[in-house]
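Visitor: sequence first, then the predicted structure:
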Protein chains: 2
Amino acid sequence: MKTQEAVKLFEALSSDIRLDLFRLLVKNAPQGLVAGDIAKELGIPPTNLSFHLRALTSAGLAHVEKEGRFLRYRADIPLMLEVIAYLTSECCHNSPEQCANYRQASGIAPEFLPERK
Amino acid sequence: MKTQEAVKLFEALSSDIRLDLFRLLVKNAPQGLVAGDIAKELGIPPTNLSFHLRALTSAGLAHVEKEGRFLRYRADIPLMLEVIAYLTSECCHNSPEQCANYRQASGIAPEFLPERK
DNA sequence: ACAATACTTCAATACTAGTTGAAGTATAAA
DNA sequence: TTTATACTTCAACTAGTATTGAAGTATTGT
């Protein structure tokens, strides 16, 4: 992943609305949610929701699919994992002693953490 | 972690300079780097570097310590791991089948991934 | 004491993002 | 085919963010 792409992704997550939104989609992966259900869940006006949904999708963190007159949104979980890998890469110069302690104390499930290469 | 704190952290990472900066500090954890070394490494003017260092530290992602006339900056790795845990929490409703596949394919080291509770 | 170094804060400017109401498009229901 | 539903785009305003040069503070070397 390039820096500019990662920046785009973090920008997309830099809003309370979008962060709630994305986490809701993560929670409801992989089936996703239609815009109306999201609006009900988060309680924000449709105009504003559209704005933030667009921000998420154009960053690539969510994808849309049409279902009749509904639009279904899904989180891109692999991309989320890529940006985590980018953020944490070469942590502590991959020193097993230094970094592994942090990692093990983190309360993060093993499957979400980047391999040390 | 509360939403607003996580937003603050993602905002802090929403700049190419600060993202490079933070990743440099992650790579050089836990000993950290002094501002001058960072400036050399990233090649940005001191005024601007100060601005971005302040943004990172006031978000809590980095901490400063005085060393004579130098200032040493260190990444807060546990906080980084907390925000990862926040982002990925309840992924796929913690369904082992759905989510574990994503996680295992992610190339992220086990120690960086949140526990499913 | 004086000058150099290391880094920061200040002030001014330019730009980018967030929110809202009104209007638009597309699908479905009556 | 008229009406309602689902969601988006447009336009306007507001407010926050990034960058830079100049000036400031603190520490070290001579």
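Guide: That came through, no problem. Nothing here was measured: the structure is a model prediction, and the numbers come from that model.

Visitor: buried ones in stretch A:71-87, by neighbour count?
Guide: By neighbour count with 16 or more other C-beta atoms under 10 Å in any protein chain shown, stretch A:71-87 contains the buried residues A:71, A:73-77, A:79-87. Any C-beta I mention is one placed from the backbone N, CA and C, and that applies to glycine too.

Visitor: what about residue A:20, which SS state?
Guide: Of the three states, residue A:20 takes helix under DSSP: H, G, I helix; E, B strand; the rest coil.

Visitor: wait, residue A:87 touches residue B:9, no?
Guide: No. The criterion here is C-beta atoms under 8 Å, and residue A:87 misses it with residue B:9 at 10.6 Å.

Visitor: ok, the residue in chain A that DNA strand C sits nearest to - how many residues close by?
Guide: Nearest residue of chain A to DNA strand C (C-beta to the nearest atom of the strand) works out as residue A:68 at 2.7 Å. Using other C-beta atoms under 10 Å in any protein chain shown, residue A:68 has 6 other residues around it.

Visitor: over to it: give its phi and psi.
Guide: Main-chain dihedrals, residue A:68, degrees, to the nearest 10: phi 60, psi -120.

Visitor: give me the local confidence score for it.
Guide: Residue A:68 is assigned a predicted lDDT (pLDDT) of 95.

Visitor: quick one: contacts for residue A:46?
Guide: Neighbour list for residue A:46: A:35, A:39 [criterion: C-beta atoms under 8 Å, 6 or more residues apart in numbering or on different chains].

Visitor: so how far is chain B from it?
Guide: Relative to chain B, residue A:46 is positioned 21 Å away (C-beta to the nearest C-beta, to the nearest Å).

Visitor: same deal with residue A:53?
Guide: If you measure residue A:53 against chain B using C-beta to the nearest C-beta, the figure is 17 Å.

Visitor: try residue A:59
Guide: 11 Å.

Visitor: that residue contacts residue A:12, correct?
Guide: Yes. The criterion here is C-beta under 8 Å, and residue A:59 meets it with residue A:12 at 3.7 Å.

Visitor: those two: who's more crowded?
Guide: residue A:12 (24 against 20).

Visitor: any buried residues in the helix or strand that contains residue A:65, and which?
Guide: Element membership of residue A:65 [criterion: DSSP states H and E] is strand A:62-67. Neighbour counts over strand A:62-67 (16+ other C-beta under 10 Å) mark A:62, A:64 as buried.

Visitor: ok, stretch A:2-14 next?
Guide: A:6, A:7, A:8, A:9, A:10, A:11, A:12, A:13, A:14.
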